[in-house]
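1. This is a predicted model, with the sequence first.
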Amino acid sequence: MNKILGMLVFLGLFMGLSQNGTAQFSPPDGCIVDANGDCLPNTILGALPFLRIVPDAQGGSMGDTGIATDNGNNALHFNASKLPFMSSNRGMALTYTPWLSNIGLTDVFLMYLSGYMKLDDLQSIAGGIRFFSLGDINFTDVQGDITGSGKPREWEINFGYARKLTNNFAASLSAKYMLSDLASGQVVDGFEIATATSFAADIGLTYNTDLELGLYESRLRVGMALTNIGSKVTYTRNALRDFIPTNFGLGAALEIDFDEYNTMTFALDMNKLMIPTPQPLELFDEDGNPTPNPDYDSSPENGIADYREKSLFSGILGSWSDAPGGGSEELQEFSWSVGVEYWYDRQFAVRAGYYYEHPLKGDRQFLTVGAGLKYNVFGFDISYLVPTSNTKNPLDNTLRFTLLFDFEVFAAEE
């Protein structure tokens, strides 16, 4: 039953069936309100949200930070342009993340295999494969009768290239292919469900510099990443398509060497989805009376909200100024991550972090903790998520695991 309900949520959100067409926006409150005048969430909706799931245990234990941290094995997800500045020349990682394990599901999980290699002092390449399994489910009709079964799956294949442009500045370009097969062949309200596919690109920039903080040698890394810039997708074999999670990310990491054995890193990331904000059907005028929202649907004959019909680049550019609540609501659409990491002799690490998302924009708020161990060519990371809000997270109280391979050890022995 949990899987069936989960599939209904997926289809409702990703096919765009959930809209604010019955909601009203109240200018005095600066939010969409219900019949009682209470603010309602206005979460940005999009397809293929699995692309924004942090795939590794290191980032997952540091509040989902990673745009500027020293994490080359999984840099392709966060920001591939930091690869030329990594301390190791090559590496690989395999991550396993249980999904909804806190409610007893054992066949829903995310796996991510990624790696990188420096071609020389200036250039680096990377590749990654992400696989998201939603287990085995039974499909039912509105009467509850089973209409078939399926194995919903989602894939991402990604390749990236990074190059130093100066001694302190690097850029990257990544290309990816995504496939989402949630319920292919099923029919919902007369629409046949299809497999959604898309091509996208990531652009990354990183500035890296050495510092001296008192007696300590330090490194400051600042990164920017535009990810999932790609074509819209559909699950219903029609002309209406939904946005994938195009994202703007900005991050900084300060790494301090207290001595040859003790190192600490402090990281801060902020992210914003560059997807159109849902619009309400009605607004309240100065007298408190509902009036039609001119920004909702300029072509009412097709019954589709304008924000869903925007083109790719119109949606990306307009996402910075389209919130019904203006600038204050736009600021609510930023999520924030902070993390800290301590290494002893580059052999043992402990990590912690915090992630914050505004209550009206998803309300994901959680603490994270984790640890890392490195021995010779192998490494192992583990993370744990502790929820701090009433909104359920699929990773609540879940451990995720990453196995690392540092091939630099072999190069040192040659």
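-> In hand now; what should we look at? Predicted model only: the values in this text are computed from it and were never measured.
2. how close does the residue nearest the centre of the chain sit to Asn228?
-> Centrality entry for the chain: nearest residue to the mean C-alpha point is Arg52, 1.8 Å, by C-alpha atoms, centre = their mean. Per C-beta to C-beta, to the nearest Å, Arg52 is found 8 Å from Asn228. Heads up, the C-betas are built off the backbone N, CA and C, glycines and all.
3. mind listing the strands for the stretch 251-400 of the chain?
-> 262-273, 282-284, 290-292, 334-344, 348-356, 365-375, 378-387, 399-405 (DSSP state E, counting those that start in this stretch).
4. Neighbouring strands of the first one in the sheet, and parallel or not?
-> Read it as strand 262-273. The pairing partners recorded for strand 262-273 under DSSP bridges are strand 247-257 (antiparallel), strand 334-344 (antiparallel).
5. I'd like the mean pLDDT over that strand, please.
-> Summarised as a single mean, pLDDT over strand 262-273 is 97.
6. Next, the angle from it to strand 348-356.
-> Orientation check (axes from the mean of the first three to the mean of the last three C-alpha atoms, to 10 degrees): strand 262-273 against strand 348-356 gives 30 degrees.
7. For strand 262-273, list every residue counted as buried.
-> For strand 262-273, a neighbour-count test (16 or more other C-beta atoms under 10 Å) marks 263, 265-273 as buried.
8. And for the fourth one?
-> With burial defined by 16+ other C-beta under 10 Å, the residues of strand 334-344 counted as buried are 334-343.
9. Now do it: everything it contacts.
-> By C-beta atoms under 8 Å, 6 or more residues apart in numbering, the surrounding residues in contact with strand 334-344 are 58-59, 61-65, 69, 261-272, 349-358, 361-362, 364, 368, 372.
10. picking up where we left off before, so can I have JSON lines of the buried residues of strand 334-344 showing distance to Tyr116?
-> Below are these laid out as JSON lines (distance: C-beta to C-beta, whole Å):
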{"residue": "Phe334", "distance to Tyr116": "29"}
{"residue": "Ser335", "distance to Tyr116": "26"}
{"residue": "Trp336", "distance to Tyr116": "27"}
{"residue": "Ser337", "distance to Tyr116": "22"}
{"residue": "Val338", "distance to Tyr116": "25"}
{"residue": "Gly339", "distance to Tyr116": "21"}
{"residue": "Val340", "distance to Tyr116": "24"}
{"residue": "Glu341", "distance to Tyr116": "19"}
{"residue": "Tyr342", "distance to Tyr116": "24"}
{"residue": "Trp343", "distance to Tyr116": "20"}
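11. from the residues you listed, which is closest to Pro394?
-> Pro394 lies nearest to Ser335 out of the buried residues of strand 334-344, by C-beta to C-beta, at 16.3 Å.
12. any idea how far Leu165 is from that closest one?
-> Counting by C-beta to C-beta, the gap from Ser335 to Leu165 is 29 Å.
13. Then Ile244?
-> The value you get for Ile244 to Leu165, if C-beta to C-beta is used, is 28 Å.
14. just Leu51 next, same as before
-> Taking C-beta to C-beta, one finds Leu51 at 27 Å from Leu165.
15. do Gln365 as well
-> For Gln365, the distance to Leu165 - C-beta to C-beta - is 37 Å.
16. With neighbour numbers in mind, choose between those two.
-> Neighbour count, other C-beta atoms under 10 Å: between Gln365 and Leu165, Gln365 has more, with 18 against 12.
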